[in-house]
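1. Please find the sequence and the predicted model below.
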2 protein chains.
Amino acid sequence: MTRTRPRTLSTSEERRDTVLRTAVETFASRGYYGTTTTEVATRAGISQAYVYRLFPNKEALFLAVVEHAFDLVRDSLARGAAAAASTDPELVLRAMADSYAELISDQNLILVQLHAQAAAAAEPTVREAVRAGYARVVEYVRSVSGASEPQVQNFFAVGMLCHLIVAIDASSVDAPWARVLSAGIKHV
Amino acid sequence: MTRTRPRTLSTSEERRDTVLRTAVETFASRGYYGTTTTEVATRAGISQAYVYRLFPNKEALFLAVVEHAFDLVRDSLARGAAAAASTDPELVLRAMADSYAELISDQNLILVQLHAQAAAAAEPTVREAVRAGYARVVEYVRSVSGASEPQVQNFFAVGMLCHLIVAIDASSVDAPWARVLSAGIKHV
DNA sequence: GAATAGAGTGGTTAATCACTCACTAAGCGG
DNA sequence: CCGCTTAGTGAGTGATTAACCACTCTATTC
């Protein structure tokens, strides 16, 4: 019997949390279909079977990941708004954008959103989660910034462009087209 | 021997073309990882084995689909530019946007782009294809429209927002946040 | 009317998938 | 230290996957 290191149990709450966190990274790279539960389990340091004690199935795990990602986005925007120097809508939006740029420097969040967005068209449950996420975030940005509807729309349009830039790592491409797309976007 | 309907052979060129076309639809709904070669074959009306005579492997098929999608986008923008009433950059861009809006009314093209974008981060070959696609399209829009760099950037930002709207079918959601996002975007 | 080239398939394989179950070990209250 | 609850796993399940190969059928050519 090789008992090298004694087990230290955690509460299932804690485990669920760490699994969620590592699942973000895993789903970020290969998306819903391309990610296996074994991969998530291995990265979380538990057996694949135990993933199924913490989450009813793969879909539920993915949905939890998506919702978690939106939570982080909202928190980030809130921090930005709180740090804004003035109440001028334009400036509040800029502060939010800066905070968001900081959040996505690890790019996992953005990739999860991108994969969720892509899967949304075919998977009704994912679509509902993404809709709910944007509903909250858009509503939040609008009410907190006090910006006009076109301003808010433009804010999200630039956000979406940001997703593209991160996905193809455009800012590390030395070409005119890449510079045009990523001009003025926080370093990434 | 049940020989219900006599076989009518086509050239492999033709077949490759129809497979590509149906593959667009198939990859559009479940992306690279979620789409099986059997699914593509069935929808194209051939055996799964024959897919592998027409394309070396699944990845090559997907890359061909992505490139095909970008071709269609470029053609569409070209048609828009040709139909523009004036040479005013603003108006040329608008004409291009209108043409693009028409192209994506079937939404398969957009979904392929979205899936490719999401897969780009993890798959180097996909990333290269997506970069090449945007390189061509951005360069084309810039040179043909004569618009300023910020104008071009904004053009693509709105395009990306368009992707989100289509993916989650935001225009069929009756809520303020959805209206903010899809305001002014061609019906979809 | 054979010979030949190319279109197209059935059947298989090894790997991998999501998911399950019977089980062991760990901690905690009494 | 006993009994119970909970954390956690090993060893599978059947289904599905990408890819391959040996083969048949069709059409054209000489």
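-> Good, I have the coordinates.
2. who are the neighbours of the longest helix along chain A, in terms of helices and strands?
-> When every helix of chain A is counted residue by residue (DSSP state H), the longest turns out to be helix A:58-83. When contacts are defined as 3 or more Cβ pairs under 8 Å, 6 or more residues apart in numbering or on different chains; DSSP states H and E, helix A:58-83 sits against helix A:12-34, helix A:37-44, helix A:89-103, helix A:108-120, helix A:124-145. Backbone N, C-alpha and C define where each C-beta goes, glycine included.
3. just so I know, which of these lies nearest residue B:141?
-> Judged by Cβ to Cβ, the one of the helices and strands packed on helix A:58-83 that comes nearest to residue B:141 is helix A:108-120, at 22.4 Å.
4. Show residues contacting that closest one.
-> Under the contact criterion Cβ atoms under 8 Å, 6 or more residues apart in numbering or on different chains, helix A:108-120 has outside partners A:24-25, A:27-29, A:31-33, A:62, A:65-66, A:69-70, A:72-73, A:103-104, A:126-127, A:129-131, A:162-163, A:166-167, B:31, B:34, B:111, B:114-115, B:117-118, B:121, B:163-164, B:167-168.
5. Contacts only, for the residue lying closest to residue A:131 once chain neighbours are set aside.
-> Excluding the flanking residues, the one nearest residue A:131 by Cβ to Cβ, 6 or more residues apart in numbering or on different chains is residue B:168, at 5.2 Å. Under the criterion of Cβ under 8 Å, 6+ apart, the neighbours of residue B:168 are A:117, A:120-121, A:127, A:130-131, A:134.
6. With residue A:77 instead?
-> Shown in contact with residue A:77 (Cβ under 8 Å, 6+ apart): A:96, A:99-100, A:137, A:140-141, A:144.
7. Could you check the pLDDT of it?
-> Note for residue A:77: predicted pLDDT of 97.
8. How far does stretch A:71-90 sit from its chain's centre?
-> How far stretch A:71-90 lies from its chain's middle: 17 Å, per Cα atoms, centre = their mean, to the nearest Å.
9. Repeat that for stretch A:15-34.
-> The answer for stretch A:15-34 is 11 Å, by Cα atoms, centre = their mean.
10. For that stretch, give the mean pLDDT please.
-> Rounded mean pLDDT across stretch A:15-34 is 96.
11. Then stretch A:41-53?
-> With pLDDT averaged residue by residue, stretch A:41-53 scores 96.
12. near DNA strand D at all, that stretch?
-> Yes - Stretch A:41-53 is in contact with DNA strand D by Cβ under 7 Å from any atom of the strand, via A:45-50, A:53.
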